[in-house]
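Trainee: fold the following, please.
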Amino acid sequence: MIEANDQTFQSEVLDADQPVLVDFSAAWCGPCKMQKPVLEKFSADHPELKVVMVDVDASPRVAQQHQVQAIPTLILFQGGERKAVAQGLQNASRLERLVSGA
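Mentor: A predicted model of the protein is given here:
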């Protein structure tokens, strides 16, 4: 998984050629720590999808711009636009629904 911040978010996420699933999280967040291995496996199983992590403490501007009010928050971007949002810990089947638009 790729890490993005306030400076790299545009190039890593908004300008990406493929769909991007962004995990807004923080190092101190328990549910965020539990989400990471689920996302790592999901990323490995979906090579067509780019998975990016954003630490909200290190990148508050990006988190604020995308109205992240709780963590973990997952946002699916495609063509630079928000397509879907999920808050809280997500299992693999919920991630599948999120990225498939169901």
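
Trainee: Lys41 and Glu96 touch, don't they?
Mentor: No: applying C-beta atoms under 8 Å as the test, Lys41 and Glu96 come out as separate, 12.0 Å apart. (Glycine included, C-beta is placed from N, CA and C.)

Trainee: residue contacts, the residue nearest the centre of the chain?
Mentor: Of all residues in the chain, the one closest to the mean position by C-alpha atoms, centre = their mean is Val22, 1.6 Å from it. Going by C-beta atoms under 8 Å, 6 or more residues apart in numbering, Val22 touches 4, 13, 51-54, 66, 74-77.

Trainee: SS state for it?
Mentor: Following DSSP: H, G, I helix; E, B strand; the rest coil, we place Val22 in the strand state.

Trainee: Met34 reaches Asn91, doesn't it?
Mentor: No: Met34 lies out of contact with Asn91 (C-beta under 8 Å); the separation is 10.1 Å.

Trainee: got the CA positions of the lengthiest helix in the chain in PDB?
Mentor: Criterion DSSP state H: the longest helix present in the chain is helix 30-45. What follows is helix 30-45, C-alpha atoms only, in PDB (Å, rounded to 0.1, in the frame of the first residue of the first chain):
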ATOM      1  CA  GLY A  30      -7.100   0.900  17.400                       C
ATOM      2  CA  PRO A  31      -9.700   0.200  14.700                       C
ATOM      3  CA  CYS A  32      -7.300   1.700  12.200                       C
ATOM      4  CA  LYS A  33      -4.600  -0.800  13.200                       C
ATOM      5  CA  MET A  34      -7.100  -3.700  12.800                       C
ATOM      6  CA  GLN A  35      -8.200  -2.300   9.300                       C
ATOM      7  CA  LYS A  36      -4.600  -2.300   7.900                       C
ATOM      8  CA  PRO A  37      -4.100  -6.100   7.500                       C
ATOM      9  CA  VAL A  38      -7.600  -6.400   5.900                       C
ATOM     10  CA  LEU A  39      -6.700  -3.700   3.400                       C
ATOM     11  CA  GLU A  40      -3.300  -5.200   2.700                       C
ATOM     12  CA  LYS A  41      -5.000  -8.500   1.700                       C
ATOM     13  CA  PHE A  42      -7.700  -6.700  -0.200                       C
ATOM     14  CA  SER A  43      -5.100  -4.700  -2.100                       C
ATOM     15  CA  ALA A  44      -3.200  -7.900  -3.000                       C
ATOM     16  CA  ASP A  45      -6.400  -9.500  -4.200                       C
END
